[in-house]
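Trainee: how would this look folded up:
(one chain, ligands or ions: 2)
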Amino acid sequence: MGLFKKISQALKRTKEAISRKLDALLSGGELNDDFYEELTDILISSDVGFACSEEIVERLRLYARKNKIRTADEVKKALKTILQDIMTQTPHIEIQYPAIITVVGVNGVGKTTTIGKLANFYKKQKKEVTLVAGDTFRAAASDQLSEWANRNKVRIVKHAEGTDAAAVVFDGVSSAKAKGTDVLIIDTAGRLQTKTNLMEELRKIDKVITKEYPKANKYTFIVLDATTGQNALSQIKHFNEYVDISGIILTKLDGTAKGGVVFAIAQELNLPVVFVGTGETIDDIEVFDAKEFVDNIF
Ligand SMILES: Nc1nc2c(ncn2[C@@H]2O[C@H](COP(=O)(O)OP(=O)(O)OP(=O)(O)O)[C@@H](O)[C@H]2O)c(=O)[nH]1
Ligand SMILES: [Mg+2]
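Mentor: Ligands and ions are numbered 1, 2, ... in the order given. Next comes the predicted model:
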């Protein structure tokens, strides 16, 4: 399946949720208070979030007044531009090598699977990739990562189950430094943001990386399950208290109508969405593209 097709397929349900209601609203005529109120409701119900929806509608109101727009097409075009602007105002991430990417998030959001996809993604760009089995907590977690390492024919650094996660990270980072590995990707155990000791472990992992390999470019990506909608925001906020989140990977976009949450994340937290997961197979990952995203939900 072509790249364009895949993202449009994954956004089908989000599109249905927003587009149908929006088209009905736009066919109604005047841009009055009722229109703007209803538009706010449509956005909120599509997981864009309250504050972000209000901001979008306010921007549209100003734009419409200033440019005297009236037709449905003009409104749609203006709205698309506003949504794109919101997504592109977040800091842009350009991966620099050698890169150390730590992948964090709550249980079951798709961290390990995403790492498998990322290994393939960077290998295709001719980068040397090594994986680190930093999930020493869940039984069979490192076996799951080993499978991805085998499939991608990349190296993996792992320890026995139940050992200290920071210790395996230390080994992984030292070996990346010694071998000049381009991309080291660290898997971590899923953790609820309320489990303070596990959250502290992330801080420790982060310190180990900085101390052992200060010259490497460090990234922490939080994986969020798109089907959780607005709950994603509180997950980011909690993780950000322990480690500096550099960007977001939004998975399971294929199974949800809640893709609108990306706008709330950008507007409220000023963090970039870097990749999106569009399915369970190795190729089901896309670099996030704001224009493509917006074009596919209207
Ligand atoms: N449909 C869909 N499923 C996905 C996507 N990403 C991951 N999954 C599925 O989500 C489930 C959980 O994936 P894992 O990669 O094990 O999640 P995890 O975050 O590592 O889980 P823990 O290590 O237990 O916290 C698996 O069944 C994956 O196939 C995606 O983009 N789309
Ligand atoms: Mg996992």
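
Trainee: My assumption is that V274 lies in a strand; please confirm.
Mentor: Yes - applying DSSP: H, G, I helix; E, B strand; the rest coil, one finds V274 inside a strand.

Trainee: ok, it - contacts?
Mentor: V274 is in contact with 93, 221, 246-249, 287-288, counting by Cβ atoms under 8 Å, 6 or more residues apart in numbering. Placement of C-beta: from N, CA and C, glycine included.

Trainee: got these as TSV, with distance to L22 and neighbour count columns?
Mentor: Listed next are these as TSV, based on distance: Cβ to Cβ, whole Å; neighbours: other Cβ atoms under 10 Å:
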residue	distance to L22	neighbour count
I93	30	15
F221	31	23
S246	33	19
G247	29	20
I248	25	26
I249	27	25
V287	26	11
F288	22	19
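
Trainee: Q84 contacts V294, correct?
Mentor: Yes - between Q84 and V294 there is a contact at 5.1 Å, judged by Cβ atoms under 8 Å.

Trainee: Of these two, which one has the most company?
Mentor: For Q84 versus V294, the count of surrounding residues by other Cβ atoms under 10 Å is larger for V294: 21 against 16.

Trainee: Quick check on that one: phi, psi?
Mentor: phi -60, psi -40 (degrees, to the nearest 10).

Trainee: name the element S19 belongs to?
Mentor: Element membership for S19, per DSSP states H and E: helix 12-26.

Trainee: Show the subsequent helix or strand relative to that helix.
Mentor: Downstream of helix 12-26 (by DSSP H and E), the next one is helix 33-45.

Trainee: Which positions in that following helix come out as buried?
Mentor: Using 16 or more other Cβ atoms under 10 Å as the test for burial, helix 33-45 gives 35-36, 38-40, 42-44.

Trainee: Same question for stretch 18-34.
Mentor: Within stretch 18-34, the residues scored as buried using 16+ other Cβ under 10 Å are 18-19, 21-22, 25-26, 31.

Trainee: And the contacts of that stretch?
Mentor: When contacts are defined by Cβ under 8 Å, 6+ apart, stretch 18-34 is touched by residues 35, 38-39, 42-43, 45-46, 64, 69-70, 72, 75-76, 79, 260, 297-298.

Trainee: Tell me which ones among those residues also neighbour ligand 2, please.
Mentor: When the contacts of stretch 18-34 are checked against ligand 2 using Cβ under 5 Å from the ion, none falls in range.

Trainee: V129 and F121 touch, don't they?
Mentor: No - here V129 lies out of contact with F121, judged by Cβ under 8 Å, at a distance of 9.0 Å.

Trainee: between these two, who's got more neighbours?
Mentor: Neighbour totals were compared for V129 and F121, and V129 leads with 26 against 20 (other Cβ under 10 Å).

Trainee: Torsion angles phi and psi at that one?
Mentor: Per-residue torsions, V129: phi -120, psi 140 (degrees, to the nearest 10).

Trainee: what bridges to it?
Mentor: Beta-bridge partners of V129, counted by DSSP bridges, are V183.

Trainee: Need the per-residue pLDDT for it.
Mentor: Per-residue confidence (pLDDT) for V129: 98.

Trainee: Distance check, it against ligand 2.
Mentor: Distance, V129 to ligand 2, by Cβ to the ion, to the nearest Å: 17 Å.
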